[in-house]
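Participant: Provide a 3D model corresponding to the input given below.
(chains A and B)
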Amino acid sequence: MPRILTRRWRATSGPWALLCTVVGFVYLFSLGPILITAAVSFNQTNRSFFPPRGFSLRWWERAFAPEWIDPLLFSLKLGSLTALLATLLALPLAFALYRYRFAGRNALIALTLGPLMLPTLVTGVGLLQLFQYLGWREYIGFTALLVGHVVICMPFAVRTVSISLQTLPPNVELAAASLGATRWLAMRHVVLPLIKSGVVAGAVFAFIHSFTDVNLSIFLARPGEVPITVKILGFLEFGFAPTLAAVSVITLLLPLILVAIVERVSGLGDFIYGDHRRG
Amino acid sequence: MTETGQRRRVPAYWLLIAIPATVLLAFFVLPNALLLSASFLKSEAQQLTDQVTLDNYRFLFTRPLYLEVFARTFIVGLAVGVIDIVLGFPLAYFLVRTKSRWKGLLIALSLAPLLASVVVRTYGWYIILNRFGVANDVLLGLGVISERIAFMPSTGAIVIGLAHALLPYAVLTIMGSLNGINPNLESAAMSLGASRTRTFFNVVLPLSLPGIAGGFILVFSIAISAYATPAILGGPATQVAATAIYTFIIQLLDWSLGAALAVVLIVCSLSLLYAASRMGARQATL
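Facilitator: Numbers count the residues shown, from 1 in each chain, chains lettered A, B, ... in the order given. As a prediction, this is how the structure comes out:
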């Protein structure tokens, strides 16, 4: 069917129009609550009026008070360190899984993906128990959170690095070796630059997973060392506060900006889709 | 000489995997093993003893309170799975088949909620559903209700919040299987005289069943272990497995029961994900 005909048929046909309507409602369902949260943060009064009554930035001012900025910075620090460590651990792991066939390889894959399969909450409880059992109580807080986040974020990094390794042209390493490169030089100058975008994507996913985690963090945080998500969750007991809406919008915008920048610079889309097609 | 010769025989992959594997063994396998063992130990005065027992499991599976928690968790998982498939399938089908030039943006918009923490996304529902919230304002304004209703805490609110939070997972999984269907099959069916509706039900739907089943199981398994949404939109009377684990461990300091409940959750999740990976869900691919 010629393209124009298809289009006209689609535009006028019932099922497609119906589908578009349904899809519109799904988008509304999916994005509505987020937009409402953003809108009520501009309310003048201490109520969640929607549409907002009046316009005020005072809740936003309060969102930048130390009470909220500190956990936010804590989460940023935790997320960045997690992304760095998880990627550093994921690189050799993914490379070994891609490059070598060895006894126990499948077990290692299962081990690597384990934190993704098991409920995060359970890993959090387990780590809390481990730290208490070993008498490492003073490490509960930032250190325990870092360890936990690295464990639950590593699978994301391993997966994206694996995907980009699979797109390597075959035998690049052999080619480099035949030109006289040592294994390390081939890795450093040939393989790493080629998988760079996968490594960056892995670090970004690890950061976002860490930054948005609640299930593990609720068990390992301690007063003064609290990620922003846990802080928000704890604050919800006191009911609605427009400040919280403003804080929510900030924590939502940060990963969004990060993803937009990285998408511009090195591309992320392939890694959300890429492994799909490979299935 | 022999010594260095032997050292050289240490395979290269050992050097690569040694540190990451150790980290995973120490901080993932070991904690879970500890948890598993704690679930078989008796707890006394908020301390674990070394008495081996099955009482923790017996307790969980006989008390009506906890049977209710299991039932609620299961129902929540089921309802969230069904809702997300019903909402996610049209969206996924639209995103795969649309010729719009905004396709990239539309896909990004449908996945963008994944960038926000579940806490933030659920907070939106809190604003909408609480007694003085948006839903009440709108319904009062329209004259549908005459006095304020508490939509939350309730199991229904938990279901809505989780369905909202987990929708992108269903969309991603279903898109994966729809992407694998050759669009020519649809053209072929229609050229043979099938209507668009009939083509959909006889060709597209059966071919995308693995994705639907995989998406359902993935969403179900995340929903039954979710903590934040039930904690925000539910209350003490609407506990689910995850909030009950939190109560046991953080508030009651009863490690045995908390661990046993966690083990039940692990067993459910793992068997579900195993089933899902057999059906082609993306979670298990590397």
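Participant: quick one: stretch B:58-77 to chain centroid distance?
Facilitator: Relative to the mean C-alpha coordinate of its chain, stretch B:58-77 is positioned 18 Å out (C-alpha atoms, centre = their mean, to the nearest Å).
Participant: flag every buried residue along that stretch.
Facilitator: B:60, B:66, B:69-70, B:72-74, B:76-77 (16 or more other C-beta atoms under 10 Å in any protein chain shown). Just so you know, the C-beta spots here come from the backbone N, C-alpha and C atoms, and that holds for glycine as well.
Participant: quick one: which of these is nearest to residue B:244?
Facilitator: Nearest to residue B:244 out of these is residue B:69 (C-beta to C-beta; 5.1 Å).
Participant: how about the helix or strand hosting that closest one and chain A, touching?
Facilitator: For residue B:69, the element it lies in under DSSP states H and E is helix B:64-97. Yes - Helix B:64-97 comes into contact with chain A (C-beta under 8 Å from any C-beta of the partner chain), by way of B:87-88, B:90-91, B:93-94.
Participant: please tell me how far whatever residue of the stretch 151-279 of chain A ends up closest to chain B sits from residue B:265.
Facilitator: Nearest residue of the stretch 151-279 of chain A to chain B (C-beta to the nearest C-beta) works out as residue A:212 at 3.8 Å. Going from residue A:212 to residue B:265 by C-beta to C-beta, to the nearest Å gives 21 Å.
Participant: residue B:204 now?
Facilitator: Separation of residue B:204 from residue B:265 (C-beta to C-beta): 35 Å.
Participant: compare the two (neighbour count), which wins?
Facilitator: Taking neighbours as other C-beta atoms under 10 Å in any protein chain shown, residue B:204 and residue B:265 compare with residue B:265 leading, 23 against 18.
Participant: ok, the spatially most central residue of chain A - contacts?
Facilitator: Among the residues of chain A, the one closest to the centroid is residue A:208, at 2.6 Å (C-alpha atoms, centre = their mean). Residues counted as contacts of residue A:208 (C-beta atoms under 8 Å, 6 or more residues apart in numbering or on different chains) are A:79, A:255, A:258-259, B:114-115.
Participant: tell me how far it lies from residue A:121.
Facilitator: 19 Å.
Participant: now the stretch 51-200 of chain B against chain A: closest residue?
Facilitator: Going by C-beta to the nearest C-beta, chain A is nearest to residue B:124 of the stretch 51-200 of chain B, at 2.8 Å.
Participant: with adjacent residues omitted, what lies nearest to that residue?
Facilitator: residue A:33 (2.8 Å; C-beta to C-beta, 6 or more residues apart in numbering or on different chains).
Participant: got the domain ranges for chain A?
Facilitator: If you go by automatic domain parsing, the domain ranges for chain A are A:3-40, A:62-278.
Participant: ranking these by burial, who's on top?
Facilitator: Neighbour counts (mean count of other C-beta atoms under 10 Å in any protein chain shown) averaged over each of the domains of chain A peak at domain A:62-278, with a mean of 19.
Participant: so the residue nearest to the centre of chain A belongs to a helix, correct?
Facilitator: Yes - membership of residue A:208 in a helix is supported by DSSP: H, G, I helix; E, B strand; the rest coil.
Participant: if I pick residue 204, what's in contact with it?
Facilitator: You didn't pick a chain, so chain A it is. Applying C-beta under 8 Å, 6+ apart, we find residue A:204 in contact with A:83, A:258-259, A:262, A:268.
Participant: should've been chain B
Facilitator: B:93, B:178, B:181, B:186.
Participant: which of those fall within helices?
Facilitator: B:93, B:178, B:186 (DSSP state H).
Participant: contacting residues for the last one?
Facilitator: When contacts are counted by C-beta under 8 Å, 6+ apart, residue B:186 touches B:199, B:203-204.
Participant: just to revisit the earlier point, can you give me the distance of the residue nearest to the centre of chain A to residue B:27?
Facilitator: Relative to residue B:27, residue A:208 is positioned 21 Å away (C-beta to C-beta).
Participant: which residue comes closest to residue B:145 once chain neighbours are left out?
Facilitator: When the adjacent residues along the chain are set aside, residue B:145 lies closest to residue B:139, with 4.7 Å between them (C-beta to C-beta, 6+ apart).
Participant: doesn't that neighbour fall inside a strand?
Facilitator: No - counting by three-state DSSP, residue B:139 is not found in a strand; it is helix.
Participant: residue 49: what secondary structure?
Facilitator: Answering for chain A, as no chain was given. Per three-state DSSP, residue A:49 ends up coil.
Participant: chain B is the one I meant
Facilitator: Per three-state DSSP, residue B:49 ends up strand.
Participant: what sits against the residue positioned nearest the centre of chain B?
Facilitator: The centroid of chain B falls nearest to residue B:222 when counting by C-alpha atoms, centre = their mean (1.3 Å). Counting by C-beta under 8 Å, 6+ apart, residue B:222 makes contact with B:166, B:169.
Participant: element containing it?
Facilitator: Residue B:222 is part of helix B:209-224 when elements are defined by DSSP H and E.
Participant: and what of residue A:114?
Facilitator: helix A:105-117.
Participant: is chain B contacted by that helix?
Facilitator: Yes - for a cut-off given as C-beta under 8 Å from any C-beta, helix A:105-117 has contacts with chain B, namely A:108-109, A:111-117.
Participant: for that helix, name the packing helices and strands.
Facilitator: helix A:66-99, helix A:142-166, helix B:12-24, helix B:255-278 (3 or more C-beta pairs under 8 Å, 6 or more residues apart in numbering or on different chains; DSSP states H and E).
Participant: adding mean pLDDT, write those out as CSV.
Facilitator: Formatted as CSV, the helices and strands packed on helix A:105-117 follow (pLDDT from 0 to 100):
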stretch, mean pLDDT
helix A:66-99, 93
helix A:142-166, 92
helix B:12-24, 89
helix B:255-278, 85
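Participant: between those helices, which one is closest to residue A:233.
Facilitator: Nearest of the helices and strands packed on helix A:105-117 to residue A:233, taken as C-beta to C-beta: helix A:66-99 at 11.0 Å.
Participant: how far does that closest one sit from the chain's center?
Facilitator: Distance of helix A:66-99 from its chain centroid, counting by C-alpha atoms, centre = their mean, is 10 Å.
Participant: I'd like the distance between the closest residue to residue B:211 other than its chain neighbours and residue B:92.
Facilitator: Counting by C-beta to C-beta, 6+ apart, residue B:177 is the residue found nearest to residue B:211 once chain neighbours are left out, at 2.5 Å. Distance, residue B:177 to residue B:92, by C-beta to C-beta: 9 Å.
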